[in-house]
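Asks: following is a predicted model, sequence given first.
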Amino acid sequence: MSVKYEFAVLRRRSPGAAPASLKLRGTRSKMTHHSDINDTIRGLKIFNEKDLIDDVANNCQIKTFDKKTTIVREGQFVKDIPIVISGSLRVFQTKEDREILLYYVDTGQTCMMSLSACFYNSQSPSQAVAAEKSELLLVPAGFVTQWQRQYSSWNEYVIRTFRNRYDELLNIFESVAFDKIDLRILRYLKKNHKNNSVKISHQQLANELGTTRVVVSRILKQFEVNKKIKINRGSIVLL
């Protein structure tokens, strides 16, 4: 017997606050017919109810966004929930001059922080940016709680999103709390290299790991002295 969870929506909004809007500059939008959206949703294999798939096709839209386009802005109300069809989103928070990476949203996934903001009609605690050219299914925020009560596969999708992100954030917390930054840098380079090379700047690496460029540069220089890496302009080579 499955248990269906429901979330209450609190109708609160700060005076004068506007819903988060998509930054359309630098994006390419495309018109999609009902049948095209329906086929795309079926191809993702995340929903199995015909009525839900029809509802999504009737009420949602598909758009393509260029790399570095802001999809959800930190501190604003969420207008649409993005589900990734292709590409990926980078979700992070900003604190002073630092970025704190929370997670990436890949094909078939959505943003937990955006879902949370929708449930409580609150401001987004994070920012989501296209990490590469990405095609997104945009679900209007008003349908999130409605479908939560109406469709079991949407309910399961939302709960699975929260569960997976919880586990991921817990792993990140453990890494930040217990692993030294030099170990985290080396692990990142080994995980993300192609032919022993990682195309990334010192600032980008600092953003990925939630530290500062000065700290990253100092550690990379020591790695180079120890002949673990070779630093090139815009890339790092593992030796």
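Replies: Received, thanks. Residues are numbered from 1 along each chain as shown.
Asks: show me how this protein divides into domains.
Replies: Annotated domains of the chain cover 27-176, 179-238 [automatic domain parsing].
Asks: can you tell me the element Val84 falls in?
Replies: Applying DSSP states H and E as the criterion places Val84 in strand 80-86.
Asks: with Leu136 instead?
Replies: Using DSSP H and E, Leu136 sits within strand 134-140.
Asks: can you pull the buried residues of that strand?
Replies: Ser134, Glu135, Leu136, Leu137, Leu138, Val139 (16 or more other Cβ atoms under 10 Å). Where you see a C-beta, it was placed from the backbone N, CA and C, and this is true even at glycine.
Asks: and for stretch 91-106?
Replies: Val91, Phe92, Gln93, Glu99, Leu102, Tyr103, Val105.
Asks: how about Lys45: what's its closest non-neighbour residue?
Replies: Excluding the flanking residues, the one nearest Lys45 by Cβ to Cβ, 6 or more residues apart in numbering is Gly108, at 7.6 Å.
Asks: tell me the contacts of that neighbour?
Replies: Gly108 makes contacts with Leu44, Lys45, Ile46, Ile83, Val84, as judged by Cβ atoms under 8 Å, 6 or more residues apart in numbering.
Asks: report pLDDT for it.
Replies: If you check Gly108, the pLDDT there is 96.
Asks: surely it forms part of a strand?
Replies: No: under DSSP: H, G, I helix; E, B strand; the rest coil, Gly108 sits outside any strand and is assigned coil.
Asks: do you know how far Arg149 is from Ala141?
Replies: According to Cβ to Cβ, to the nearest Å, Arg149 and Ala141 sit 15 Å apart.
Asks: those two: which is more packed in?
Replies: A count of neighbours by other Cβ atoms under 10 Å puts Ala141 above the other of Arg149 and Ala141, at 21 against 12.
Asks: write the ChimeraX selection for whichever of the contacts of Gly108 are buried.
Replies: ChimeraX command restricting those to the buried ones, with burial defined by 16+ other Cβ under 10 Å:
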select :46,83,84
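Asks: which elements pack onto the helix of greatest length in the chain?
Replies: Assignment by DSSP state H gives helix 152-178 as the longest helix of the chain. Helices and strands touching helix 152-178, by 3 or more Cβ pairs under 8 Å, 6 or more residues apart in numbering; DSSP states H and E, are strand 98-105, helix 112-119, helix 142-150.
Asks: just put the ones you listed in TSV and tack on mean pLDDT and distance to Ser235.
Replies: TSV is the format used below for the helices and strands packed on helix 152-178 (pLDDT from 0 to 100; distance: least, Cβ to Cβ, whole Å):
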stretch	mean pLDDT	distance to Ser235
strand 98-105	90	20
helix 112-119	94	31
helix 142-150	94	41
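Asks: nearest to Lys194, of the ones you listed?
Replies: Of all the helices and strands packed on helix 152-178, strand 98-105 sits nearest to Lys194, with 16.9 Å by Cβ to Cβ.
Asks: how far does that closest one sit from the chain's center?
Replies: Counting by Cα atoms, centre = their mean, to the nearest Å, strand 98-105 is centred 8 Å from the centre of its parent chain.
Asks: same thing with stretch 170-184?
Replies: So, by Cα atoms, centre = their mean, the centroid of stretch 170-184 is 20 Å from its chain's centroid.
Asks: list the buried ones in it?
Replies: So for stretch 170-184, counting by 16+ other Cβ under 10 Å, buried means Ile181, Arg184.
Asks: contact partners of that stretch?
Replies: Leu101, Leu102, Tyr103, Arg187, Leu209, Gly210, Thr211, Val215, Ile219, Gln222, Phe223.
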